[in-house]
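Novice: build me a model from this:
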Amino acid sequence: MAEKVGQSFVQPTPSGKEELGKIEVAAEVIEVVAGIAVNEVEGIAATRGNIATGVVERFGKKVHNKGIKSGVTETGEISIDVFCSVKYGFAIPKVAKEVQTQIRQAIFNMSALETAEVNVHITGIHFEKDEVAVQE
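Specialist: You can find the predicted model right below:
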């Protein structure tokens with residue numbers, strides 16, 4: 001079985017500060033930050049996970065990086081892919097643009113890392129289930 005190689009991003013030293021060593025931010029941390037940012041956007045119904053995240057959530061643990069994949073571009077910058085569904089009635093381009101903005105801002109605020117690209121993949125539309133009262 002292939003082992004997943006740990007990926008991390010090197011954080012720049014703040015300007016005006018002396019460098020005391022290297023600061024690395026794990027890819028999972030970037031994914032959690034992005035996941036929390038996505039869930040704060042109005043119009044997002046859910047992010048897409050896999051079977052494992054579904055099982056974990058059934059046991060009561062919140063998975064913040066569900067539906068988020070991070071990577072590195074050819075130039076060494078951060079690339080984020082978000083897989084999510086939108087609530088019915090919201091404009092998809094507007095919601096997707098807000099997701100991109102929120103993720104870029106959250107990652108920069110928490111890690112001082114710039115993202116090269118934030119790709120939003122809309123995987124579905126979520127319809128609100130209306131409760132219909134049955135009269136006898």
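
Novice: so Val86 touches Ile44, yeah?
Specialist: Yes. Using Cβ atoms under 8 Å, Val86 is in contact with Ile44, at 6.5 Å. Backbone N, C-alpha and C define where each C-beta goes, glycine included.

Novice: and stretch 71-81, what's buried?
Specialist: Using 16 or more other Cβ atoms under 10 Å as the test for burial, stretch 71-81 gives Ile78, Ser79, Ile80, Asp81.

Novice: residues contacting that stretch, please?
Specialist: 7, 9, 30-31, 34, 68-70, 103, 107, 113-119, 121 (Cβ atoms under 8 Å, 6 or more residues apart in numbering).

Novice: out of these, which are buried?
Specialist: Buried residues within these, counting neighbours by 16+ other Cβ under 10 Å: Phe9, Ile30, Glu31, Ala34, Ile68, Ser70, Ile103, Ile107, Leu113, Thr115, Val118.

Novice: now this structure, which segments are flagged as low pLDDT?
Specialist: 1-6, 12-17, 49-64, 130-136 (pLDDT under 70).

Novice: can you list the strands that the lengthiest strand in it pairs with?
Specialist: Secondary structure of the chain per DSSP state E: the longest strand is strand 115-126. Strand pairing for strand 115-126, using DSSP bridges, gives strand 78-87 (parallel).

Novice: C-terminal to the strand it pairs with, what's the next element?
Specialist: Using DSSP states H and E, the helix or strand that follows strand 78-87 in sequence is helix 92-111.
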